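In: Quick one: sequence plus predicted model below, questions after.
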There are 2 protein chains.
Amino acid sequence: MKLNVTSYGRLPTYAKCTRCKGKALVHLPSHHANFCNECFLVFFRNAVKRAMKLFPLRPRDPIMVAVSGGKDSLALWSVLTELGYYTKGLHIDLGIPGFSEASREASKQFARSRNLELSFYSLKDLFGFSLLDIRSRTHRMICSVCGMLKRQFLNRLAIQEGFSIVATGHNLDDEASRLMGNILRHRESYLAKAYPYLPAMPGVASRIKPLFRLESEEIRIYCQIQNISYVKDRCPFSKGATSHIFLESLEFLESKMPGTKRDFLFGYLETKRPPTSDETPGERCSICGAISYRNICGVCRIKEELTKRDGRIVKGKAT
Amino acid sequence: MKLNVTSYGRLPTYAKCTRCKGKALVHLPSHHANFCNECFLVFFRNAVKRAMKLFPLRPRDPIMVAVSGGKDSLALWSVLTELGYYTKGLHIDLGIPGFSEASREASKQFARSRNLELSFYSLKDLFGFSLLDIRSRTHRMICSVCGMLKRQFLNRLAIQEGFSIVATGHNLDDEASRLMGNILRHRESYLAKAYPYLPAMPGVASRIKPLFRLESEEIRIYCQIQNISYVKDRCPFSKGATSHIFLESLEFLESKMPGTKRDFLFGYLETKRPPTSDETPGERCSICGAISYRNICGVCRIKEELTKRDGRIVKGKAT
């Protein structure tokens, strides 16, 4: 299979693969490299292998992959499988009209095509409200509420299914633009957690980001070469999200100075110690008993806020 | 005098001045404020007064103002004079065809109109080469060579003329975009000097940036209200300079989230201690005797590089 995929514009026909000297089809300016499809896949897998070495895992540790149906999570699941990890997918239907149906279908279709196990849950069942319900009942930034709920439920469901590692599809662009936003806005508490690995604690699975060394565009090319069908649309609820704004600003710098994103993120990570579980707060939520940074966990706080608006009172444990 | 100058688009006709409730003519979204021209000038002077309080100066210390003929340096000279400081202008003709003549004329005209003292020097006389000569003889980034030469000669000439303080027109945009560039590229040694004040040492004047709290656009409005004629063109040698790229990226963020530049720079400065003279390296250049970070100062190193290309050898002290 030879697809004419190029990262930034077309390559001249005489361009050679940096690795095998065959005909190059993929141009990666931030690496000063061109690849044929096969060598691109080697490059891609090597980037994931290199990331995985950073995480203190044992080779046979089973990994729960958070699968949204977008290119990042499906590429992540695909490459971890290729590298021989034992994985299971976990998909949470958020209840975003149109978008959630397409996301579920893409996840299902990928799992079926690769004969992989995939668990389905719905936010409405888990939490009592879909994201559409939540959006109409709160003035909070919907992306930050959604992010928090996904993190919490991914962890709880992974533990419930017997997994102690959760992998997410965050890529280099996600990590670099979030880092940029947190630095520009002096969000020190977020900076402390800016690492592609967070350790496990009792009741909390460790979180890994195996794609953190790969750019969004590289993941798109991987999906194209591997014939992975994914949901191409952005979440319709995320319009105007600040994360998109920081990414756009960083993309502009990258277009003028290829390698900026990479050098920025990796240079920053070099100065950081990997987090240890001693550094992670371990309070228990007084309502649902989940590990929490405060007396009441984020899930229960949001739930209280949403139900108070109805005049109803939350009783018992959340979810 | 009522000019219809607005910072970002026109104001609605009913907009009122935040300070005096008169008709507003200036809109400053990053301050959530509108001003009439008179109150804008009060706001502008207050921002400079607040900056000056940060610098350990005595009220009657004479200040040498680095005057390029652009809006920042002329606004700086104007506002320092309004605030009652004793100032003298210093202009270095860099020898950039067309641009330098216009810059010299704008500086001269401003000094004449305000009856202020202005010293003129030329880089060719001081250093032996104009910036045009230098550009044709080195592959170094011309903006960084120019910046270094200006810093060095401004200091030497200020000391020679009996001044111990040099003020430059760097504004909030300059400082914020340079800080962003240095953070993204992990330039730790530059970050250590990222402060709007550098202390004096024997043989070195202190450097102050009284406009660091004011945005480029605010300075443009000040010049318009105060009828200051300045050179509007950018230096023709600075095309593609990385500083412009970082500024453009930051301007994009500012347009989406007004106040970003300000919060980023001021938040960063709050975490920094003002530099003290103990922290500044104080070696002497073995060729010209100037205070230097290395055995041979930047000026002499550049001069050696430029003259070696001719087959000539530099003898004696550099200017």
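Out: In hand now; what should we look at?

In: can you give me the strands in the stretch 201-319 of chain A?
Out: A:206-208, A:283-284, A:291-292 (DSSP state E, counting those that start in this stretch).

In: Would you mark the buried spots in stretch A:116-129?
Out: Within stretch A:116-129, the residues that count as buried by 16 or more other C-beta atoms under 10 Å in any protein chain shown are A:116, A:118, A:119, A:121, A:123, A:126, A:127, A:129. For the C-beta atoms, the positions are set from N, CA and C on the backbone; glycine is no exception.

In: Tell me which two in the residues you listed are the farthest apart.
Out: Greatest spatial distance among these (C-beta to C-beta): A:116 and A:129, at 29.5 Å.

In: now the residue lying closest to residue A:128 once chain neighbours are set aside: how far from residue A:127?
Out: Leaving aside its sequence neighbours, residue A:128 sits nearest to residue A:303 (C-beta to C-beta, 6 or more residues apart in numbering or on different chains; 6.9 Å). From residue A:303 over to residue A:127 the distance is 7 Å, taken as C-beta to C-beta, to the nearest Å.

In: Check residue A:149 too.
Out: Using C-beta to C-beta, which is the criterion applied here, residue A:149 is 7 Å from residue A:127.

In: Ok, residue A:54 next?
Out: 33 Å.

In: now swap in residue A:184 and tell me
Out: Taken as C-beta to C-beta, the span from residue A:184 to residue A:127 is 32 Å.

In: Mind listing the residues bridging to the residue nearest to residue A:163 when sequence neighbours are not counted?
Out: The spatially closest residue to residue A:163, leaving aside those adjacent along the chain, is residue A:64, at 3.9 Å (C-beta to C-beta, 6+ apart). Here residue A:64 sits in beta bridges with residue A:88, residue A:166, going by DSSP bridges.

In: Show me the domain layout of chain A.
Out: Split into domains by automatic domain parsing, chain A comes to A:47-280, A:282-319.

In: got JSON lines for those, with mean pLDDT too?
Out: Shown next, in JSON lines, are the domains of chain A (pLDDT from 0 to 100):
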{"stretch": "domain A:47-280", "mean pLDDT": "93"}
{"stretch": "domain A:282-319", "mean pLDDT": "73"}
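
In: for these, which one ends up most surrounded?
Out: Mean neighbour count (mean count of other C-beta atoms under 10 Å in any protein chain shown) peaks for domain A:47-280 among these, with a mean of 18.

In: Write out the residues of the stretch 101-250 of chain A neighbouring chain B.
Out: Neighbours of chain B within the stretch 101-250 of chain A, by C-beta under 8 Å from any C-beta of the partner chain: A:180, A:183, A:184, A:185, A:186, A:242, A:245, A:246, A:248, A:249, A:250.

In: if I read this right, the third one contacts residue B:176, doesn't it?
Out: Spelled out, that is residue A:184. No - in this structure, residue A:184 is not within contact of residue B:176 by C-beta atoms under 8 Å, at 9.2 Å.

In: Pull up the overlap in contacts between the two.
Out: By C-beta atoms under 8 Å, 6 or more residues apart in numbering or on different chains, residue A:184 and residue B:176 have these common neighbours: residue B:264.

In: how about the helices in chain A?
Out: A:37-54, A:71-82, A:99-114, A:123-127, A:131-137, A:142-160, A:172-184, A:188-192, A:216-225, A:242-256, A:260-270, A:298-308 (DSSP state H).
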